[in-house]
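Engineer: Starting from these lines, generate the structure:
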Amino acid sequence: MDSNLKASLKTLHTELASAPGPVDEELLDLLAQLDGDIKQLLERRVAQQDAGAGGGDTTTYGLAERTQEISAKFAVKHPTLEPALRELGRILGNMGI
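Structural biologist: Below is the predicted model of the structure:
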């Protein structure tokens with residue numbers, strides 16, 4: 001599932017870079033925070049796997065919900081970006097994050 005998450009993040013970054021018109025600063029800040037939290041989660045998972053640790057706390061609850069909230073904001077101002085965010089939120093939700 002981590003590979004799907006990474007692919008979804010890459011797609012979002014690509015879509016964001018090619019978005020028509022400027023993306024407002026608030027949404028960019030929200031995306032940057034979300035991106036950092038997801039990367040931190042993935043790093044913790046890798047570290048736990050490398051250490052042979054079992055099911056410790058590898059989730060950051062609320063990421064899926066935050067992604068959906070950001071998606072709703074993008075849907076209004078940047079409808080071409082919204083599907084990538086919606087997919088990211090779906091993946092996070094399926095992971096229980």
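
Engineer: Would you confirm that residue 12 contacts residue 85?
Structural biologist: Yes. Contact criterion CB atoms under 8 Å: residue 12 and residue 85 qualify, at 6.4 Å. Backbone N, C-alpha and C define where each C-beta goes, glycine included.

Engineer: neighbour-wise, which of these two wins?
Structural biologist: Each of residue 12 and residue 85 has its neighbours counted (other CB atoms under 10 Å); residue 85 has more, 27 against 21.

Engineer: The closest residue to that one other than its chain neighbours - how many residues pack around it?
Structural biologist: Nearest non-adjacent residue to residue 85, counting by CB to CB, 6 or more residues apart in numbering: residue 71, 3.8 Å away. Number of residues near residue 71 (other CB under 10 Å) recorded here: 19.

Engineer: cool, residue 50 as well?
Structural biologist: Residue 50: 8 surrounding residues under other CB under 10 Å.

Engineer: residues in contact with it?
Structural biologist: Residues counted as contacts of residue 50 (CB atoms under 8 Å, 6 or more residues apart in numbering): none.

Engineer: Got the confidence number for it?
Structural biologist: With respect to pLDDT, residue 50 scores 78.

Engineer: Then the one 10 residues further on?
Structural biologist: The predicted structure scores residue 60 at 58 on the pLDDT scale.

Engineer: Same question for residue 3.
Structural biologist: Here the pLDDT value assigned to residue 3 is 81.

Engineer: Quick check: it vs residue 10, distance?
Structural biologist: Look at residue 3 and residue 10: by CB to CB, to the nearest Å, they are 10 Å apart.

Engineer: Same question for the closest residue to residue 20 other than its chain neighbours, what's its three-state structure.
Structural biologist: The shortest distance from residue 20 to any non-neighbouring residue, by CB to CB, 6+ apart, is to residue 80 (6.9 Å). At residue 80 the chain is in coil, as set by DSSP: H, G, I helix; E, B strand; the rest coil.

Engineer: Please consider this matter closed, and thank you.
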